[in-house]
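*Asks:* would you be able to build a 3D model of this:
(chains A and B)
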Amino acid sequence: MAQNNLGIKAEAKDLNFYYANGTQALKNVSLPVHENKITALIGPSGCGKSTFLRCFNRMHDLYPGNRYEGQILLYPDNTNVLSKGVDPIEVRMRISMVFQKPNPFPKSIYENVAYGLRVRGEKSKVKIDEKVEEALKGASLWNEVKTRLNDLAFNLSGGQQQRLCIARALATDPEIMLFDEPTSALDPIATVNIEELMSTLKNKLSILVVTHNMQQAARISDYTAYMYLGEMIEFDATDKIFTNPSKKETEDYITGKFG
Amino acid sequence: MEKINQENLNAQSTSSKTLEEVRSMIKAHKRNDLIFASVGFVVITLILLTLLTLFIDLVIDGYPKITYDFFTSFPSRRAANAGIFSAWVGSSLVLLITFLSAVPLGVASGIYLEEYAPKNWFSDLIEVNVSNLAGVPSIIYGLLALGLFVYGLKLGHTIVTAGLTLGLLMLPIVIVSTREAIRSIPIAIREAAYAVGATKWQVVLHHVVQYSFGGILTGVIIGMARAIGETAPVITIGALTFIAFLPPPPISLSYPFISFEWLQSSFTVLPIQMFNWLSRPDHAFHINAAATGAVIIVLTLIMNGTAIWLRYKIRKNIKW
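*Replies:* Residues are numbered from 1 along each chain as shown, chains lettered A, B, ... in the order given. Got it, this is the predicted structure:
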C-alpha cells in the first residue's frame, strides 16, 4: 500500500453532495478517518455533518434523486465507496451505523443482534449464539440482558436500547462504525456509558461520530472536524482544535461566540 | 399580584390585557370546546341509535325464526320450513374464493406500490385510480364481472365468478390498507435494517410485512365484512335465488379425495336470500328475511370485532 495511507482507514476526497431538490449540501469536503481513532464532526445544525456521515454508508441511496461527486476511499483496498460500480449493500456490510434515536427492531433482543448475521446468510445456530454474546459483551450490555435474550427489545431503557443498536452494528465485525449523534436522545448517565463504550470500541475499529455536543467531542475524540454550511472549515487533532484552532470561525464556534 | 402581572405583560409589550381579561378570554375559548364536544356527542348518539334501532327491529321480527333448524334447512315454498342452509354455505364458499383471490393480489400490489414502484406520474395515476376504485358503486363491478367472467371467460353463474367479483370489489380496500400499514412503519426502522446490509427484499420480508401484518389483516377483514353483505354485484352476475341443494363437497372419502367441482356450482348468498324473501307478498317470509338480516349484521359485527381485537393484539408488541 501507498505510504501516505498508513494509519488511515478511509478518506473523503473533494466530496460534493446534492439532494434530489438540487440543494448542494456538501462542498468539496475532504477528511481522513484514522484507523482505531475516534473522529468527531462538529458544527451548527444544518451544516451538513449528518449528511456527510450518511455518505460513508450510502444511506442517501435509499432516496431517489440524491447525487454524490468525488470519492470516499476505503483502505487498504482503495475501494471508492461512492462509485456507481460498488454496491451500497457491500459498503453497509463493511461500515455500520448507529443512529440518533435508538431504533431497535420490534423483535427480541437476540434477534436484533443476530439480524446482521442472518442478512449475511449465517445459518449455524452455534455461530450466531457466539457472535450475539460477543457483540452484547462488546456493547457492555451482556450482563444486563443475558437472562432475557428473548424479551422484546422495546422493554429495555433508552440507554440500553442504544447499546443494543451498537451491539447490532458490532455483530458483523465492521471496519468503521458511524455514529449519528448517538447520545442526543439519552440521559446523562446513559450518555457516559455510551461514551465509555465508544472509547473501548476504537481498539477494534475506526469511529466517525457526529455530535452536537462540543464537550463530548473534546472528551472522546482523537480528531475533530469543524463543518459550516456544507464546508469543512478545519480538521485537526482534537487537542489542537479545542486549545489552539487555526481558523477564526472554529474558534468562534468552540468558544460559543457563534452557533 | 396585579402589579407583577402588569410587569410581565409590559415585558412582552404586545399584550395589554389585564389578568381579568385574560381569564375571561380563556373561558370564552374553552366554551368552543364544550360546544363542539356536545354537538359531536349528540351526532354520534343519533348515528348509534339509528343503527341499534335497525338491528333491534330485525332481531325482534326475526327472533322466532332464529333456531337451529333455520341454519340447517334449505329454502322452501312454505315459510315456516324455509332456512338459510344453502345461503350461508354459498356465502362461505364465495368468501373463500374472494379471500384467496383478493388478499395475495392486494397485499402484493400494496407492497410493490409502496416499496418498489418508482415515484412518477404513472405511479401517481395508479394511486388515484386505486383510491377511486374503492369508491366505485358495487353494481359497476357486477357489470364488469358479467362481461369479463361470465361471458368473456365463460365461467358461468358460478361460485368462482361470484368469488372473483367480490374479490375485485375488495382489492382496492386491501391495497389501500396495506399501503397505510406499510407507511406507518417509521423510517428509522427501515434505515436500521438497510444499515446492517439488508437488501430491499430482505427488508420487505423480515420487517415491512411483519410489522404491517396487523394493519393488513384489519383491512382484509373489513373488506370481507363488506363483501359478505354485497347484493347488487352478485345479482348482476346471476346468482340464483332459490337453491335447494349444496355445492358438491370439496373433500370426499373416495378417490381422488379433493374435488373442485364446487367452484362451478350455482349458488346463492345470504343477502340474496334475504332479498328474495323480502320481495314475496306473504308476510311470513318477511320474518325469514328479518332473521337473515340479523344473521348478516351479527356476522359483520363479529368480523369487525375480530379485526379490532387482532389489531390490538398484534400492535401490543410494536410501539412507535
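*Asks:* what segments of the stretch 51-200 of chain A are helices?
*Replies:* Here the stretch 51-200 of chain A has its helices, by DSSP state H, counting those that start in this stretch, at A:88-94, A:109-119, A:125-138, A:142-145, A:158-170, A:188-201.
*Asks:* out of those, deepest packed?
*Replies:* helix A:158-170 (a mean of 25; mean count of other Cβ atoms under 10 Å in any protein chain shown). In this view, the C-beta of every residue, glycine as well, is placed from N, C-alpha and C.
*Asks:* let me know the pLDDT of B:G90.
*Replies:* Model confidence at B:G90, given as pLDDT, is 82.
*Asks:* picking up where we left off before, could I get the helices of the stretch 51-200 of chain A as TSV with distance to chain B?
*Replies:* TSV is the format used below for the helices of the stretch 51-200 of chain A (distance: least, Cβ to the nearest Cβ, whole Å):
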stretch	distance to chain B
helix A:88-94	4
helix A:109-119	4
helix A:125-138	12
helix A:142-145	17
helix A:158-170	7
helix A:188-201	16
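*Asks:* in CSV: those, plus mean pLDDT.
*Replies:* As requested, the helices of the stretch 51-200 of chain A are exported to CSV (pLDDT from 0 to 100):
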stretch, mean pLDDT
helix A:88-94, 93
helix A:109-119, 94
helix A:125-138, 93
helix A:142-145, 92
helix A:158-170, 93
helix A:188-201, 91
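*Asks:* and these as CSV, adding distance to B:S91?
*Replies:* Output for those, formatted as CSV (distance: least, Cβ to Cβ, whole Å):
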stretch, distance to B:S91
helix A:88-94, 48
helix A:109-119, 41
helix A:125-138, 47
helix A:142-145, 50
helix A:158-170, 48
helix A:188-201, 57
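*Asks:* so which of these gets nearest B:W309?
*Replies:* Nearest of the helices of the stretch 51-200 of chain A to B:W309, taken as Cβ to Cβ: helix A:109-119 at 25.8 Å.
*Asks:* from chain B, how far off is the residue nearest in space to the middle of chain A?
*Replies:* The residue lying closest to the centre of chain A (Cα atoms, centre = their mean) is A:L178, at 1.0 Å. A:L178 sits 9 Å away from chain B, going by Cβ to the nearest Cβ, to the nearest Å.
*Asks:* and what of A:L15?
*Replies:* Per Cβ to the nearest Cβ, A:L15 is found 20 Å from chain B.
*Asks:* work out for me the element that residue sits within.
*Replies:* If you go by DSSP states H and E, A:L15 is part of strand A:8-18.
*Asks:* same for that strand, what does it pack against?
*Replies:* When contacts are defined as 3 or more Cβ pairs under 8 Å, 6 or more residues apart in numbering or on different chains; DSSP states H and E, strand A:8-18 packs onto strand A:24-34, helix A:49-56, strand A:67-74.
*Asks:* in that strand, what's buried?
*Replies:* Residues of strand A:8-18 classed as buried by neighbour count (16 or more other Cβ atoms under 10 Å in any protein chain shown): A:8-12, A:15, A:17-18.
*Asks:* cool, and stretch A:210-229?
*Replies:* A:210-212, A:214, A:216-228.
*Asks:* strands - which of those residues land there?
*Replies:* Among the buried residues of stretch A:210-229, the members found in strands (DSSP state E) are A:210, A:223-228.
*Asks:* widest-spaced pair of these?
*Replies:* A:Y223 and A:Y228 (17.3 Å).
*Asks:* hey, which of the helices and strands packed on strand A:8-18 is tucked in deepest?
*Replies:* helix A:49-56 comes out most buried of the helices and strands packed on strand A:8-18 by mean count of other Cβ under 10 Å, with a mean of 23.
*Asks:* quick one: that one near chain B?
*Replies:* No - counting by Cβ under 8 Å from any Cβ of the partner chain, chain B is not contacted by helix A:49-56; separation bottoms out at 9.1 Å.
*Asks:* can I get the CA coordinates of that helix in CSV?
*Replies:* Presented in CSV, the C-alpha positions along helix A:49-56 are these (Å, rounded to 0.1, in the frame of the first residue of the first chain):
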residue,chain,number,x,y,z
LYS,A,49,-22.3,16.9,9.2
SER,A,50,-25.0,14.2,9.3
THR,A,51,-25.3,14.4,5.5
PHE,A,52,-21.6,13.8,5.3
LEU,A,53,-21.7,10.9,7.7
ARG,A,54,-24.5,9.2,5.7
CYS,A,55,-22.4,9.3,2.6
PHE,A,56,-20.0,6.8,4.1
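*Asks:* residues contacting it, please?
*Replies:* With contact meaning Cβ atoms under 8 Å, 6 or more residues apart in numbering or on different chains, helix A:49-56 is reached by A:10, A:12, A:15, A:17, A:25-26, A:29, A:31, A:41-43, A:60, A:68, A:72, A:81-82, A:91, A:95, A:176, A:178, A:180-181, A:208, A:210, A:227, A:230.
*Asks:* what parts of the stretch 51-200 of chain B come near chain A?
*Replies:* B:118-119, B:186, B:188-199.
*Asks:* so is the nearest residue to B:V204 once chain neighbours are set aside in a helix, a strand, or just coil?
*Replies:* Of all residues not flanking B:V204 in the chain, B:E115 sits nearest, at 5.7 Å (Cβ to Cβ, 6 or more residues apart in numbering or on different chains). Here B:E115 is recorded as helix under DSSP: H, G, I helix; E, B strand; the rest coil.
*Asks:* adding pLDDT, write the ones in strands among the buried residues of stretch A:210-229 out as TSV.
*Replies:* Shown next, in TSV, are these (pLDDT from 0 to 100):
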residue	pLDDT
A:V210	95
A:Y223	95
A:T224	95
A:A225	95
A:Y226	94
A:M227	94
A:Y228	93
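*Asks:* any idea which of those residues is closest to chain B?
*Replies:* Nearest to chain B among those is A:V210, at 14.5 Å by Cβ to the nearest Cβ.
*Asks:* report pLDDT for the closest residue to chain A within the stretch 201-320 of chain B.
*Replies:* Closest to chain A within the stretch 201-320 of chain B is B:I318: 4.5 Å, counting by Cβ to the nearest Cβ. Looking at B:I318, its pLDDT stands at 74.
*Asks:* secondary structure of it: a strand, I assume?
*Replies:* No - in this structure, B:I318 is coil, not part of a strand, as judged by three-state DSSP.
*Asks:* wait, it touches A:K107, no?
*Replies:* No - counting by Cβ atoms under 8 Å, B:I318 stays clear of A:K107, with 10.0 Å between them.
*Asks:* burial check on the nearest residue to B:A193 once chain neighbours are set aside, number of neighbours?
*Replies:* Of all residues not flanking B:A193 in the chain, B:V203 sits nearest, at 4.8 Å (Cβ to Cβ, 6+ apart). Around B:V203 there are 21 other residues, counting by other Cβ atoms under 10 Å in any protein chain shown.
*Asks:* which phi and psi does B:V269 have?
*Replies:* phi -130, psi 170 (degrees, to the nearest 10).
*Asks:* now B:L155
*Replies:* Per degrees, to the nearest 10, the backbone of B:L155 is at phi -90, psi -10.
*Asks:* kindly report the same for B:G90.
*Replies:* Dihedral angles (degrees, to the nearest 10) for B:G90: phi -60, psi -50.
*Asks:* which residue packs closest to it, ignoring adjacent ones?
*Replies:* B:F267 (4.0 Å).
*Asks:* give me the three-state assignment for the one you found.
*Replies:* Taking three-state DSSP, the label given to B:F267 is coil.
*Asks:* part of a helix, is B:F285?
*Replies:* Yes - under three-state DSSP, B:F285 sits within a helix.
*Asks:* any idea how far B:G62 is from it?
*Replies:* According to Cβ to Cβ, to the nearest Å, B:F285 stands 11 Å off from B:G62.
*Asks:* likewise for B:T165?
*Replies:* Looking at B:T165 against B:G62, where the rule is Cβ to Cβ, the gap reads 28 Å.
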